[in-house]
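Asker: below is the structure, and that's it, no one-letter string:
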């Protein structure tokens, strides 16, 4: 979990909470893991965290499990408006990790950083689509998925909402993928998550109908094809705090437990009168419980309130040392032999 420009481990047992009465709260231990680094954004892939520094001048890739870090410097410079993602290609048995940078200054300029060569390259500019900065993307099986819009035709001024996939093996976006509802930028809000690292889940909320929300999960997901099924419908009338538009679109994160038909939705208020983020556990059977996570810094201006970044994390043994460092170790081992 990221809060107040710091990263903290955060966990709770969903099923344990359900088995106890409503007065039992989960045990949450917050320990800062990067004391000297202030972070503005964080992205997750395969046990690696891609962190953007608060001053937006550098990127830091970190594997908390093995304790390795790797600083990534820009080709020229990074910008506050940049979007980032981390994934890997599948050309070899060993995964080759890459970072995607989306410069949104003029169209969407794509740059990619290759871990194996320790270098950036420019992929080009795309102008036919919009990627929603305030709706976080997810990484699944090495590919990045975002909610966005594409032009209905090459000359049409109007856009159609869709799911966009960036494939790191081909280093390009695939064809726009359909989403399971008619999304409208002004009327609805959506958040993405992954389900068991095998599928994508989508949370849909219609601001015109405060009574219901729906969660959909993919049955099949590839860079050029997708199919969806409804996970369950959420009755919003019992939990007004989940009204997405009242809490800031980019503050709403969620994940699902497919086996137990449970969803956890994280909401982060940007109001001084209610500055305590909450995790709401929702069951298909009507179960609901709201848990306070921790207070934000109320001394900051409202527009600068740090947003929570909440992501399921699975530890990995991925090595992120630079290629030169690996060569040095190899020479040392040869000398010892």
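Answerer: Structure received. The model shown is predicted, which means the values in this text are computed figures rather than measured ones.

Asker: how many other residues sit next to the closest residue to residue 175 other than its chain neighbours?
Answerer: For residue 175, ignoring the flanking residues on the chain, the nearest one in space by CB to CB, 6 or more residues apart in numbering is residue 224 at 5.5 Å. The C-beta positions use only the backbone N, C-alpha and C, and glycine is treated the same way. Residue 224 has 10 neighbours, counted by other CB atoms under 10 Å.

Asker: so who does residue 224 touch?
Answerer: Residue 224 is in contact with 165, 174-175, 177, counting by CB atoms under 8 Å, 6 or more residues apart in numbering.

Asker: which of those fall in strands?
Answerer: residue 165 (DSSP state E).

Asker: going by neighbour count, which of the contacts of residue 224 comes out on top?
Answerer: Neighbour-wise, the contacts of residue 224 (other CB under 10 Å) top out at residue 165, 24 neighbours.

Asker: bridged to that one, which residues?
Answerer: On DSSP bridges, the residues paired with residue 165 through beta bridges are residue 145.

Asker: where does it land on pLDDT?
Answerer: Looking at residue 165, its pLDDT is 92.

Asker: I'd say it and residue 141 touch.
Answerer: No - applying CB atoms under 8 Å, one finds residue 165 not in contact with residue 141, separated by 10.4 Å.

Asker: residues near residue 258, how many?
Answerer: Counted by other CB under 10 Å, the residues lying close to residue 258 total 14.

Asker: tell me what the nearest residue to it once chain neighbours are set aside is bridged to.
Answerer: Using CB to CB, 6+ apart and skipping residues adjacent in sequence, the residue nearest residue 258 is residue 195, 5.5 Å away. Beta-bridge pairing for residue 195 (DSSP bridges): residue 199.

Asker: residue 195: how many residues sit nearby?
Answerer: Using other CB under 10 Å, residue 195 has 19 other residues around it.

Asker: one more: residue 123?
Answerer: 15.

Asker: where do the helices of this protein begin and end?
Answerer: 14-19, 323-336 (DSSP state H).

Asker: who's in contact with the closest residue in space to residue 123 that isn't next to it in sequence?
Answerer: In this structure, residue 123 finds its nearest non-sequential neighbour in residue 110, 4.0 Å apart by CB to CB, 6+ apart. By CB under 8 Å, 6+ apart, the residues touching residue 110 are 100-103, 122-126.

Asker: among the residues you listed, which ones are buried?
Answerer: Neighbour counting by 16 or more other CB atoms under 10 Å classes 100-103, 126 among the contacts of residue 110 as buried.

Asker: and those as a markdown table, adding pLDDT and distance to residue 39?
Answerer: Formatted as a markdown table, the buried ones among the contacts of residue 110 follow (pLDDT from 0 to 100; distance: CB to CB, whole Å):
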| residue | pLDDT | distance to residue 39 |
| --- | --- | --- |
| 100 | 94 | 18 |
| 101 | 91 | 17 |
| 102 | 87 | 19 |
| 103 | 83 | 20 |
| 126 | 79 | 28 |
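
Asker: looking at the residues you listed, which are in strands?
Answerer: Counting by DSSP E, these contribute 100-103, 126 to strands.

Asker: how about these, which pair is most distant?
Answerer: 101 and 126 (13.1 Å; CB to CB).

Asker: low-confidence bits of this structure, can you list those?
Answerer: Within the chain, the ranges that satisfy pLDDT under 70 run 1-36, 105-107, 132-135, 152-158, 182-189, 206-212, 235-252, 268-277, 293-312, 321-337.

Asker: quick revisit: please name the bridge partners of the residue nearest to residue 123.
Answerer: Beta-bridge partners, per DSSP bridges, of residue 110: residue 102, residue 124.

Asker: from residue 172, how far out is it?
Answerer: Relative to residue 172, residue 110 is positioned 9 Å away (CB to CB, to the nearest Å).

Asker: if I look at the two, which residues touch both of them?
Answerer: Counting by CB under 8 Å, 6+ apart, the residues touching both residue 110 and residue 172 are residue 123.

Asker: test my guess that residue 262 contacts residue 279.
Answerer: No - applying CB under 8 Å as the test, residue 262 and residue 279 come out as separate, 11.8 Å apart.

Asker: when the two are compared, which one has more neighbours?
Answerer: Taking neighbours as other CB under 10 Å, residue 262 and residue 279 compare with residue 279 leading, 24 against 20.
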